[in-house]
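Visitor: fold the following for me, if possible:
(chains A and B)
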Amino acid sequence: MNELLKELYQEIILDHGKEPRNFGECETHNKSAHGHNPLCGDKVSLTLFVDDDIIKDIKFSGEGCAISVASASLMTEKLKGKKLSYAENMFKDFTDLVKGSEDSLSTIDEDDSLYALKGVKDFPMRVKCATLAWHTFKNALKE
Amino acid sequence: MNKDKTLHKDIRKDFPILSKKILKTKDLVYFDTAASAQKPQVVIDELNQFYKSHYSNVSRGVHTLSVESTLRYEDARKKIQSFINAKSENEIIFTKSATESINLVAQTFYDKYMSTGDEIILSLMEHHSNLIPWYFLRDKYGVVIKFANITESGEIDVNHFESLITPKTKIAALTHLSNVYGSKIDEKVSSICKRNNVAILLDGCQSAAHLKIDVQKLECDFFVFSGHKTYGPSGIGVLYGKENLLDEMPPYQGGGGMIGEVTTDKVSYAELPAKYEAGTPPIAEAHGLGIAIDYMNNIGIENIINHEEELTKYAYEKISELDFVKIYGDGDNRNSIISFNIENIHSHEVSSFLDVEGIAVRAGHHCCQPLMKHLGVNSTSRLSFGVYNTIEEVDIFINALIKCKEFFIK
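Guide: Take a look at the predicted model:
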């Protein structure tokens, strides 16, 4: 099997794509946003409960390809319990990672589950699938 | 399997991009002609030659280059007139895209013939380019849009279409050949429109390079298509309109080239076709499109149709044998396009997988979100054929599809 595909569809991606974690809506939330990739129709809805600058709860729903669903799922796992400032750094690191620049990552390292999405860099048309949830997160914070 | 293998070997040599290796090792299998067709060497060479030897603005100067450019630009118009069998070259308007052609008709047809409360009929399988220009009219002027249903086999439900017509219906805008199903419109639709005094626009983006087009036989009032899907350059579209309608409708954009006389108080407009061609047009692109039409004519439209029919039939049969694949629409009335999904695998995954095998297919909603909703899916994969595709490529595709399923569904 092609190495690029193996890199793209690592076990953890297929797993989260099929059985996303934190799927649904937070019981109480004070931030939310909808994301949509008009090019391919992928959709994500995000709800968060933020208290004292800490993400106490975060859930998503929506539909899309394995990459976009897995990315949203992994993102919620990562962001839960994090400080907003840290989460914003993570946003930047993640978008850098999937675009192929990993020189200045401060919040994501090779052992990180998010690192599994690195293979997206070889499929430029799929970067938007991987970053949809993250951009939605960013929009939710703007509220 | 191919009736005429030699024909096709030669044809592939005409398209330099087909020798490209994907990821340095895989032969390119280009199954995305419905999104955009590849260009034959002769079109590439002629564009180059045009800029090197003949280029200038058109219809303005009297110097040699202006004459050479204008002759080629107008010659392309004549080629298109003959290609779609329009009565007059005044009925051929160059635009920047088929999308612009539809916007032009929507705006100017409304201005001349419609008012608030009048009705337009579209179908559920229209491309966004044949939806949004009409939505603009709905939002701006309060016209009513009705949608004709689609049958299971992927065709307009003719009875339902007819039932939507009222005395307020002014125009129907429908795809001539669906970019999702590959289905051709039932000719009855045009006669129903004629009988009820409803104008009809046919979106020919998917048909112009794959069917014999005769706008008089089709009985359409408007027909649009794009250059890039007919082996020509991008950046050029065509609008065919019946001369009496184009005469009566107002201009679309104002600018140079579309005027008769201009004073500080008023303006008169140029005669057809210049009336609708404001600004410097896509000059080299028009010439390139003319060359692409020559290219298709040299192969023979009938030969193209036969070849693509054979490919489509073969691919449809082969895909139908795969029990994990769902095809949208059925096997009859299908021309050069097959949309499908693999159970439980998103079309993006399918497309990325096929890509590393060297195979280009389209994944997504195909600019047909209302149709995707109707089908109850988020997206589909689509293969579409051009004159350069072969039966062997279909076999490569089928094998890759099987491997794809095995990769994702263990």
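Visitor: quick one: the nearest residue to A:Lys18 once chain neighbours are set aside and B:Leu122, what's the gap?
Guide: Distance criterion C-beta to C-beta, 6 or more residues apart in numbering or on different chains; nearest residue to A:Lys18, sequence neighbours excluded, is A:Ala66 at 7.5 Å. To be clear about C-beta, it is placed using only N, CA and C from the backbone, and glycine gets the same treatment. Noted for A:Ala66: a distance of 34 Å to B:Leu122, by C-beta to C-beta, to the nearest Å.
Visitor: now swap in B:Asn399 and tell me
Guide: B:Asn399 is 39 Å from B:Leu122, by C-beta to C-beta.
Visitor: more neighbours: the two, which one.
Guide: The residue with more neighbours, out of B:Asn399 and B:Leu122, is B:Leu122; 22 against 11, by other C-beta atoms under 10 Å in any protein chain shown.
Visitor: so the more buried one lies in a helix, does it not?
Guide: No: looking at B:Leu122 with DSSP: H, G, I helix; E, B strand; the rest coil, it is strand, so not inside a helix.
Visitor: wait, it sits on B:Val144?
Guide: No: the pair B:Leu122 and B:Val144 does not pass the contact test of C-beta atoms under 8 Å, sitting 11.2 Å apart.
Visitor: circling back to that earlier point, I'd say the residue nearest to A:Lys18 and A:Asp15 touch.
Guide: No: here A:Ala66 lies out of contact with A:Asp15, judged by C-beta under 8 Å, at a distance of 9.6 Å.
Visitor: if you count what's nearby, which of the two comes out ahead?
Guide: Comparing A:Ala66 with A:Asp15 by other C-beta under 10 Å, the one with more neighbours is A:Ala66, at 23 against 15.
Visitor: nearest residue to the residue nearest the centre of chain B other than its sequence neighbours?
Guide: Centroid-nearest residue in chain B: B:Cys205, 0.9 Å away (criterion: C-alpha atoms, centre = their mean). Of all residues not flanking B:Cys205 in the chain, B:Ala98 sits nearest, at 5.0 Å (C-beta to C-beta, 6+ apart).
Visitor: tell me which residues touch the residue nearest to A:Lys18, please.
Guide: When contacts are counted by C-beta atoms under 8 Å, 6 or more residues apart in numbering or on different chains, A:Ala66 touches A:Tyr9, A:Ile13, A:Leu14, A:Gly17, A:Lys18, B:His346, B:His348, B:Glu349, B:Phe408.
Visitor: make a markdown table from the residues you listed and add secondary structure and distance to A:Ala33 to it.
Guide: Below are those laid out as a markdown table (DSSP: H, G, I helix; E, B strand; the rest coil; distance: C-beta to C-beta, whole Å):
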| residue | secondary structure | distance to A:Ala33 |
| --- | --- | --- |
| A:Tyr9 | coil | 27 |
| A:Ile13 | helix | 23 |
| A:Leu14 | helix | 27 |
| A:Gly17 | helix | 21 |
| A:Lys18 | helix | 25 |
| B:His346 | coil | 22 |
| B:His348 | helix | 22 |
| B:Glu349 | helix | 26 |
| B:Phe408 | helix | 30 |
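Visitor: pLDDT weak spots in chain A?
Guide: Applying pLDDT under 70 to chain A flags the ranges A:1.
Visitor: how about the helices in it?
Guide: A:3-8, A:11-18, A:66-79, A:84-98, A:127-142 (DSSP state H).
Visitor: residues in contact with the last one?
Guide: When you say that, I think you mean helix A:127-142. A:31-35, A:37, A:39-40, A:42, A:44-48, A:60, A:64-65, A:67-68, A:71-72, A:75, A:79, A:84, A:87-88, A:91, A:94-95, A:98-99, A:117, A:120-121, B:348.
Visitor: let's go with 6 Å and repeat that
Guide: Contact with helix A:127-142 is made by A:31-33, A:35, A:37, A:42, A:44, A:46, A:48, A:65, A:67-68, A:71-72, A:75, A:91, A:94-95, A:98, A:117, A:120, as judged by C-beta atoms under 6 Å, 6 or more residues apart in numbering or on different chains.
Visitor: cool, and stretch B:134-141?
Guide: Stretch B:134-141 is touched from outside by B:Ala106, B:Tyr110, B:Thr116, B:Ile120, B:Val143, B:Ile145, with contacts defined as C-beta under 6 Å, 6+ apart.
Visitor: quick check: the fifth one vs B:Val42, distance?
Guide: Put plainly, it is B:Val143. 44 Å.
Visitor: tell me the contacts of the residue in chain A positioned nearest to chain B?
Guide: Taking C-beta to the nearest C-beta, chain B has its nearest neighbour within chain A at A:Cys65, 3.6 Å off. For A:Cys65, the contacting residues are A:Cys129, B:His346, B:His348, B:Glu349, by C-beta under 6 Å, 6+ apart.
Visitor: which residues in the stretch 101-250 of chain B form strands?
Guide: B:119-123, B:144-148, B:169-175, B:199-203, B:222-226, B:237-241 (DSSP state E, counting those that start in this stretch).
Visitor: about what we covered before: B:Val143 and B:Val42: which is more packed in?
Guide: When B:Val143 and B:Val42 are compared for neighbours, B:Val143 comes out ahead with 23 against 16, by other C-beta under 10 Å.
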